[in-house]
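> Would you be able to build a 3D model of this:
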Amino acid sequence: MHIAIFSDSYLPYTSGVVRSIVTFSKELRALGHKVSIFAPSYGNKQQEKDVYRFLSFRAPTFKEFALAIPLAPSLSNKLKQIGVDIIHVHSPFMMGRLGARCARKLQIPLVSTYHTLYEEYAHYSPLAPSLVRKAVRYYTVSFSNRCQLVITPTDSIVNYLRKNGVTAPITAIPTGIELDRFNNADPTWLRKRLNLPPGEIVLIHVGRLGKEKNITFVLQAFARVHQLVANTRLLLVGGGPLRASLESQAESLGIKDAVTFAGSFSFAEMPAVYAGADLFVFASVTETQGLVVAEAKAAGLPVVVVKAYGVQEMVNDGEDGFLTPLDQNLFTEAILRLVNDASLRQQMGRKAYRNVHSLSSQAMAKKLLSHYQALLKPIG
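Below you'll find the predicted structure:
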């Protein structure tokens, strides 16, 4: 089978969407199938096998992101020539629309993955965010209903899409975790790399420093934790537009010296980054899956997460971590339980590692493949 993937983001840009594409592509190829990727250019000069880049420009409000110019009048002929059987789009916008047009013209199945609660990002719009929110919701539902199959990372998002009017077939297939990456990760590497003081209990947050990740909430909770337990540190991994604002907040809360803005790490380094911490904290309420939560569990970390949408399915509450409402007191109390009890941290960490094995990348790729094959049967 030959799968064509269309996406508005791809390497070297890093995100949950890109991670999903890379992981599924790797596993599908390992199963003997061909995957071709159609994505924006980021100034790439080198040739990449089975990757087709489109001329792009940088997003005006988010310079790290490249917007493809989806002009390719002969693309359908190219797809037919290379024998594409199915088109899988990972965005309903620029490249997703192009992929949908090609699928319609070639009369082959169109699959889309709903990675992002797009309407929750309306705050980035300079014009009437509330109207943008409604328009985005209408558009994404309409696009989903053009597909033969819609994939979501979690059952919560299946329900969300149904509630908002998606009538196309939907199934939940989480992005799998490459568990082998986390075996034998060096737990001392991170502390040496960042020169962290010995004996500290390190809380880690991984994610873009943007409004949608609700890091202000995490900082406020950590301020209370640090006040009660002095040998604690919050490590924020990732970059984004709110860094300066969050640094100012940390200073105003009196925790400037206990919060480390570590920036980004390479994909290869991330298992050791997680392994160097003691627990994972996350307060985003916009996630469709929360891949970073599963990755933290793969590194053997207990997690404290705000219960919201897809991320709640990544945690077995009271077993490998804690799910709390969006409540400062309850979130802080859950963190303190783990900070103050090393035995509980270790116990929950072991369960986290065991539980995440149900999300192996191999198993998730086989599940995706079975749905591809089911779509092709009536056509072939």
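
> contacts, neighbours, all on C-alpha from now
Noted.

> Could you pull out the strands in the stretch 101-250 of the chain for me?
Counting by DSSP state E, counting those that start in this stretch, one finds strands in the stretch 101-250 of the chain at the ranges 110-113, 149-152, 170-172, 201-206, 232-237.

> okay, those, which one's buried deepest?
Highest mean neighbour count among the strands of the stretch 101-250 of the chain (mean count of other CA atoms under 10 Å): strand 110-113, with a mean of 26.

> what are the ranges of the helices in the stretch 51-200 of the chain?
For the stretch 51-200 of the chain, applying DSSP state H, counting those that start in this stretch gives helices covering 75-81, 94-106, 129-144, 155-163, 189-194.

> ranking those by mean pLDDT, which is last?
Ranked by mean pLDDT, the helices of the stretch 51-200 of the chain end with helix 129-144 at the bottom, a mean of 89.

> so what strands line up beside the lowest-mean-pLDDT helix or strand in the chain?
In the chain, no helix or strand scores lower on mean pLDDT, DSSP states H and E than strand 62-68, which sits at a mean of 82. Partners of strand 62-68 in the sheet, by DSSP bridges, are strand 56-59 (antiparallel).

> average pLDDT across the strand it pairs with?
On average, strand 56-59 scores 87.

> helices or strands up against the helix or strand hosting Ser370?
Assigned by DSSP states H and E, Ser370 belongs to helix 361-376. When contacts are defined as 3 or more CA pairs under 8 Å, 6 or more residues apart in numbering; DSSP states H and E, helix 361-376 packs onto helix 16-30.

> hmm, who's touching the helix it packs on?
Outside helix 16-30, the residues that touch it by CA atoms under 8 Å, 6 or more residues apart in numbering are 9-11, 34-35, 90, 115, 175-178, 291, 361-362, 364-366, 369.

> if we can go back for a sec, got the strands of the stretch 101-250 of the chain as TSV, with distance to Met348 columns?
Converted to TSV, the strands of the stretch 101-250 of the chain look like this (distance: least, CA to CA, whole Å):
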stretch	distance to Met348
strand 110-113	31
strand 149-152	27
strand 170-172	26
strand 201-206	15
strand 232-237	19
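
> Pipe those strands into a markdown table and attach mean pLDDT and distance to Pro187 per row.
Output for the strands of the stretch 101-250 of the chain, formatted as a markdown table (pLDDT from 0 to 100; distance: least, CA to CA, whole Å):
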| stretch | mean pLDDT | distance to Pro187 |
| --- | --- | --- |
| strand 110-113 | 98 | 34 |
| strand 149-152 | 98 | 33 |
| strand 170-172 | 98 | 33 |
| strand 201-206 | 98 | 12 |
| strand 232-237 | 98 | 15 |
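
> out of the contacts of helix 16-30, which are buried?
9-10, 34-35, 90, 115, 175-178, 291, 361-362, 364-365, 369 (16 or more other CA atoms under 10 Å).

> Could you single out the nearest of those residues to Phe322?
For the buried ones among the contacts of helix 16-30, the closest approach to Phe322 (CA to CA) belongs to Leu291, at 16.4 Å.

> From His115, how far out is the closest one?
Leu291 sits at a distance of 11 Å from His115 (criterion: CA to CA, to the nearest Å).

> And Gln261, which helix or strand is it part of?
You called it Gln, but residue 261 is Phe. strand 259-263.

> what's that strand packed up against?
Checking 3+ CA pairs under 8 Å, 6+ apart, strand 259-263 ends up next to strand 232-237.

> From the contact counts, what lies against the strand it packs on?
strand 201-206, helix 215-228, strand 259-263.

> and this structure, what are its domains?
2-176+360-376, 179-359 (automatic domain parsing).

> Just the terminal-to-terminal distance for the longest one.
Read that as domain 2-176+360-376. Criterion CA to CA; first-to-last residue distance in domain 2-176+360-376 is 11 Å.

> Run the chain-centre distance for it.
Using CA atoms, centre = their mean, to the nearest Å, the distance from the centre of domain 2-176+360-376 to the centre of the chain it belongs to is 14 Å.

> about what we covered before: out of the helices of the stretch 51-200 of the chain, flag the one nearest Ser266.
Checking the helices of the stretch 51-200 of the chain against Ser266 by CA to CA gives helix 189-194 as the closest, at 12.6 Å.

> Counting neighbours, which bits of the closest one end up buried?
Those would be 190-191, for helix 189-194 by 16+ other CA under 10 Å.

> now swap in stretch 250-262 and tell me
250, 255-256, 258-261.

> Show me the two of those that sit farthest apart.
The distance between the two most remote of the buried residues of stretch 250-262 (CA to CA) is 12.1 Å, for Ile255 and Phe261.

> is the residue nearest to Thr113 when sequence neighbours are not counted in a bridge, and if so with what?
Leaving aside its chain neighbours, Thr113 sits nearest to Ile151 (4.5 Å; criterion: CA to CA, 6 or more residues apart in numbering). Judged by DSSP bridges, the bridge partners of Ile151 are Thr113, Thr171.

> Show the contacting residues for Ile151.
Ile151 makes contacts with 111-114, 170-173, as judged by CA under 8 Å, 6+ apart.

> ok, 10 Å please
When contacts are counted by CA atoms under 10 Å, 6 or more residues apart in numbering, Ile151 touches 88, 90, 111-115, 144, 157-158, 169-174, 368, 371.

> for Pro174, same thing?
Counting by CA under 10 Å, 6+ apart, Pro174 has contacts 20, 115, 151-155, 288-291, 310, 313-314, 359-361, 364-365, 367-368.

> picking up where we left off before, give me the common contacts of Ile255 and Phe261.
Here Ile255 and Phe261 have 234, 247 as joint contacts, going by CA under 10 Å, 6+ apart.

> thinking again about what came up before, mutual contacts of Leu291 and His115, please.
Counting by CA under 10 Å, 6+ apart, the shared contacts of Leu291 and His115 are 16-17, 20, 153, 174-175.
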